[in-house]
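Asker: Sequence isn't available, so here's the structure alone:
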């Protein structure tokens, strides 16, 4: 039991956390009856995925992926200018010192997508509320059935 | 210029949407010319690109010029698998756009420009998904497609379409998120998002593909894509979303969105995981083929139970998705199954387009929504009804329409891989389709009671007086206007053409399929 | 009850499949994991390339900005298109236009909506404070947009802040007053102009035969010495385009959602 804890959970705790959050979100998407609660669940679900990606970017002891000016300036001083074209030599950057930039970029996209989806979904819930006077899914479906018999 | 065709295909509709946004909101006359010309440019670029692929092999386009090392930029890739689909997307969206032309007298609404913007953005998304060579880029464009389709479904005025769009949104977002999770697991294990690069990494290390992470990644990508394409247990959103949306929206949504999702699945199988590696896991293939068999049976059963034209067509889409998923996973050594799937994607897009355009015309100009009201259709709309019949024959699989040949290749794959239940389901579903469509043809041709349709004919008030006093009276012929009739007939003609020229098309796809696998493995 | 059992089962299965793969994964914070360093024995991953070479390629110290706006600029363009699509979809769903639905709800008394807790006092204190704060927020937002090359920030963040400043004005004062400054036709047009800036800047390199979004070709336009600085400048242009679109759509979403598409009355 302890070894399972030490080998599986501790080094991978980020995955366990994200899976639990994702399950909470997905559960409320499926099980909740209220449309707004479903949307809250959907947001939690999407946020859990953001957490997964961002936790991939972490490196032990690394800082944010903005190269410090000292690094850029320092190397410009120490390295002699290259002969041709008078270009300064390029700084040597240690990639292990900076967090992985790619997942951040990807998740910026996913955040935007989440916001956009939520906005459209809220617009739809407003229209549903205006048309049916309720946000409970079963009541909406019942009222739609009633419409159906009319046609 | 010729090297920019891959980008031009989707930039044209994007700029079309921007032109409408900047000028069309004030002056609605801009909308339609901008839409049509943008899609025409896309069609031209798609045809030119397919010619390039046919003569020179796959075409790569590196966005922002970041080519080396592979995977730092975003790659577009056109090859034999997708170049024909690009043409079909352009054709179908162009037909749907022509269908939405409003007659001179008809009042257009303030929301018309927004419809066309969403329409073009949907086309951008579909082109982008099809040509993408980057797994994450596919996700972004899936979302462009999805958001514009929610808008297109909900833009109608009925109360039902809002609820349908909401369910579509929930299912679509969960599906896309599953896809994103799958891509995340791939990235976690392989450190790359470029499809070609992932394939190369999997090739370099023969043990990687059998790890738990990669298997899970594949499962989640598949489940996500299946939700998007409405494979049977995940199909709940489809019938309502497509049948309650306006006719113009349904004419582009129904033929293309599910088919492009099927294409994404095939692309993932061929270019990311590799068919050779998939064929090692035969049990998985059997499992998916069983799911497909269930989908085919369920879709056909549901179609039998429907009484509305569009709902029935939607159920047929669910069955057709079953054909394609099953065909892709047959795993027969000759690869006829996956070839048949790729051919069927093209065929089914055109068939669905033809049927939905015709059904849209019936609904709009005859006010016919239910099957029983179709009586006397041949006398009222002989040409449009002929288009509908050709579409129906294609779905049933009657030669020389393309439906026959695609089923032929799928069945050949099924026989060669020994999946007898799949073959039986295909044939059974064809029989069900025959029953369904001959029932419609019977009502439409021999139907005795044209009066019933007049009672529902509230969509047509600008036509001449009709004699509806007794049954035997000759019905006034009133074809839909030319702009609605021509797309139906073009789609029907294309169904026959695609069937007649199935030989070279399938040959093109097959060489591409084999070549893609080879090039990727060596590259 | 049946729905809940079904939900629990499907969620548990999903979670179990996701966790099944966990033992296979790199440890948390491992610099040598495949995303961070590349597959063992293979080529280094793209992220490693970015960290090592971004400054050489683009002269931008903030690697995230460079990857966002240059290496994966194509994704970012469509990300902006996603925002635009959402704005258009919300508009198409909600907006009540004069010619469409005749029985529009009666215009609520404009004075009534502004008097909430204690009438004018509330409005004076909160409204004045927010009106003073709004330009400061906007200036900071412009800084965030412009300084995205050197510090965390960029078009999305700055754009959201700009949008938030208008939302603040609408919340504290009245939507009607804010709409006189940033009207519907303005924000709709600006939403499209943002993408025109982005895609147009990407289109320019095609003029000289380079690929879409290949800003290196713009060194003549920006009169820079090398292609690196042209890339750097173009990224600023692109970020401005993103910010314009995001700002407009954020405010459009708020205006439509808070009034159910009537753009009158509101919260």
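Answerer: Received, thanks. Keep in mind it's a predicted model, so treat the numbers as computed, not measured.

Asker: C-alpha from now on. contacts and neighbour counts both.
Answerer: Noted.

Asker: Just give me the neighbour total for the closest residue to chain C within the stretch 301-450 of chain B.
Answerer: Closest to chain C within the stretch 301-450 of chain B is residue B:364: 19.0 Å, counting by C-alpha to the nearest C-alpha. Residues contacting residue B:364 under the criterion other C-alpha atoms under 10 Å in any protein chain shown number 18.

Asker: and the next element down the chain from the helix or strand where it lies?
Answerer: Residue B:364 is located in helix B:336-365, with elements delineated by DSSP states H and E. Later in the chain than helix B:336-365, the nearest helix or strand by DSSP H and E is helix B:377-380.

Asker: can you list the residues of chain A near chain B?
Answerer: Within chain A, the positions adjacent to chain B are A:29, A:42, A:46, A:49, A:52-53, A:56, A:106, A:109, A:113, A:117, A:120-121, A:124-125, A:127-128, A:131, A:144 by C-alpha under 8 Å from any C-alpha of the partner chain.

Asker: Which of the residues you listed fall in strands?
Answerer: If you go by DSSP state E, those have nothing in strands.

Asker: Mind checking which of the residues you listed are in helices?
Answerer: If you go by DSSP state H, the residues of chain A next to chain B have A:29, A:42, A:46, A:49, A:52-53, A:56, A:106, A:109, A:113, A:117, A:120-121, A:124-125, A:127-128, A:131, A:144 in helices.

Asker: related to what we said a few turns ago, the helix holding residue B:364 and chain A in contact?
Answerer: No - shown here: helix B:336-365 not in contact with chain A (C-alpha under 8 Å from any C-alpha), separated by at least 14.2 Å.

Asker: looking just at contacts, which helices and strands does that helix meet?
Answerer: On a contact count with 3 or more C-alpha pairs under 8 Å, 6 or more residues apart in numbering or on different chains; DSSP states H and E, helix B:336-365 meets helix B:83-99, helix B:247-267, helix B:309-328, helix B:382-396, helix B:402-417, helix B:482-500, helix B:502-522.

Asker: for the fourth one, packing partners?
Answerer: What that stands for is helix B:382-396. Applying 3+ C-alpha pairs under 8 Å, 6+ apart, one finds that helix B:382-396 makes contact with helix B:336-365, helix B:377-380, helix B:402-417, helix B:420-446, helix B:482-500.

Asker: Give me whichever of the ones you listed is most buried.
Answerer: Comparing these by mean neighbour count (mean count of other C-alpha atoms under 10 Å in any protein chain shown), helix B:336-365 ranks first with a mean of 27.

Asker: averaged over its residues, what pLDDT does that one have?
Answerer: Here helix B:336-365 scores 91 as its mean pLDDT.

Asker: Which secondary structure state does the one residue in the stretch 151-267 of chain C that gets nearest to chain A sit in?
Answerer: When scored by C-alpha to the nearest C-alpha, the stretch 151-267 of chain C has residue C:257 as its residue closest to chain A, at 6.3 Å. On the three-state scheme (DSSP: H, G, I helix; E, B strand; the rest coil), residue C:257 is labelled helix.

Asker: That one and residue C:90: what is the separation?
Answerer: Distance of residue C:257 to residue C:90, given as C-alpha to C-alpha, to the nearest Å: 8 Å.

Asker: Overlap of the contact sets of these two?
Answerer: The overlap between the contact sets of residue C:257 and residue C:90 (C-alpha atoms under 8 Å, 6 or more residues apart in numbering or on different chains) consists of residue A:123.

Asker: Flag the shaky bits of the stretch 51-200 of chain B, pLDDT-wise.
Answerer: Within the stretch 51-200 of chain B, the segments meeting pLDDT under 70 span B:103-108.

Asker: Quick one: the helices in it, in order.
Answerer: B:83-99, B:112-131, B:135-154, B:159-190, B:195-204 (DSSP state H, counting those that start in this stretch).

Asker: could you give the angle of the helix holding residue B:364 to helix B:309-328?
Answerer: 170 degrees (axes from the mean of the first three to the mean of the last three C-alpha atoms, to 10 degrees).

Asker: which of the helices and strands packed on helix B:336-365 sits most buried?
Answerer: Counting by mean count of other C-alpha under 10 Å, the most buried of the helices and strands packed on helix B:336-365 turns out to be helix B:309-328, with a mean of 27.

Asker: Quick check, residue C:142 in contact with residue C:156.
Answerer: No - contact between residue C:142 and residue C:156 fails when scored by C-alpha atoms under 8 Å: they sit 11.3 Å apart.
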